[in-house]
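Student: please find the sequence and the predicted model below.
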Amino acid sequence: MKVIGIVGMPASGKGEVSRIARDLGIPVVVMGDAIREKVKEAGLPLTDANLGAISGKLRADLGMDAVARITIPVIEATAAPVVLVDGIRGDYEVATFRRHFPDFTLIAIASSFETRYRRLANRGRSDDSLTAGELRARDERELGWGLLRALAQADYRITNEGTLEEFAAEVRGLLCRLGGLP
């Protein structure tokens, strides 16, 4: 099984990569869905603060690769030859995926703070930060989980500062090459 991981700061374009992968017929497992499920189980609203708190608690209780280990059975259950994993947040998760899946490739998505902040204002997800200060706090929280070290371990890097069409074309080309798709 070939597993393609996506890592990037909040609102860098990871969700768009997932959408493109689905369009190409590649199953997508979103690591944040495991966190959202835990927040719902706790009876809490899906806010950035609650998602961050549950993520931090899982990592504190089960280890910094907890979300990766929770996600591995979901990835394997797809039984697909190629699977995309969206939302890697730290180097411990990368290490766990590389150990568990010998054919693991990591793609970093990079966007400036200003671009990401503009996207959040337009995205409208319940866990999106709406102020620049809240986005900075979210960035700091995720950097504390090893996000910068995970970004540094990427096999490929795509900068997402241009048009959606340019980004989509670059992503589609890379996913086709990595996934052995036409």
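Tutor: Great, that's in hand.
Student: any idea where the helices of this protein begin and end?
Tutor: Taking DSSP state H to define them, one finds helices in the chain at 14-23, 31-41, 48-62, 66-77, 91-100, 113-123, 132-143, 147-152, 164-179.
Student: the worst-scoring helix or strand of the chain on mean pLDDT packs against which elements?
Tutor: Of all helical and strand segments in the chain, the minimum by mean pLDDT, DSSP states H and E falls on helix 113-123, at a mean of 87. Secondary-structure packing of helix 113-123 (3 or more CB pairs under 8 Å, 6 or more residues apart in numbering; DSSP states H and E): helix 132-143. To be clear about C-beta, it is placed using only N, CA and C from the backbone, and glycine gets the same treatment.
Student: residue 162: how many residues sit nearby?
Tutor: For residue 162, the tally of surrounding residues (other CB atoms under 10 Å) stands at 11.
Student: in JSON lines: the helices of the chain, plus distance to residue 8 and mean neighbour count.
Tutor: Conversion of the helices of the chain to JSON lines gives the following (distance: least, CB to CB, whole Å; neighbours: other CB atoms under 10 Å):
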{"stretch": "helix 14-23", "distance to residue 8": "5", "mean neighbour count": "19"}
{"stretch": "helix 31-41", "distance to residue 8": "12", "mean neighbour count": "17"}
{"stretch": "helix 48-62", "distance to residue 8": "16", "mean neighbour count": "16"}
{"stretch": "helix 66-77", "distance to residue 8": "15", "mean neighbour count": "18"}
{"stretch": "helix 91-100", "distance to residue 8": "13", "mean neighbour count": "20"}
{"stretch": "helix 113-123", "distance to residue 8": "9", "mean neighbour count": "15"}
{"stretch": "helix 132-143", "distance to residue 8": "10", "mean neighbour count": "16"}
{"stretch": "helix 147-152", "distance to residue 8": "7", "mean neighbour count": "18"}
{"stretch": "helix 164-179", "distance to residue 8": "12", "mean neighbour count": "15"}
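Student: which among those helices is found nearest to residue 84?
Tutor: With CB to CB as the criterion, residue 84 lies closest to helix 14-23 of the helices of the chain, at 4.2 Å.
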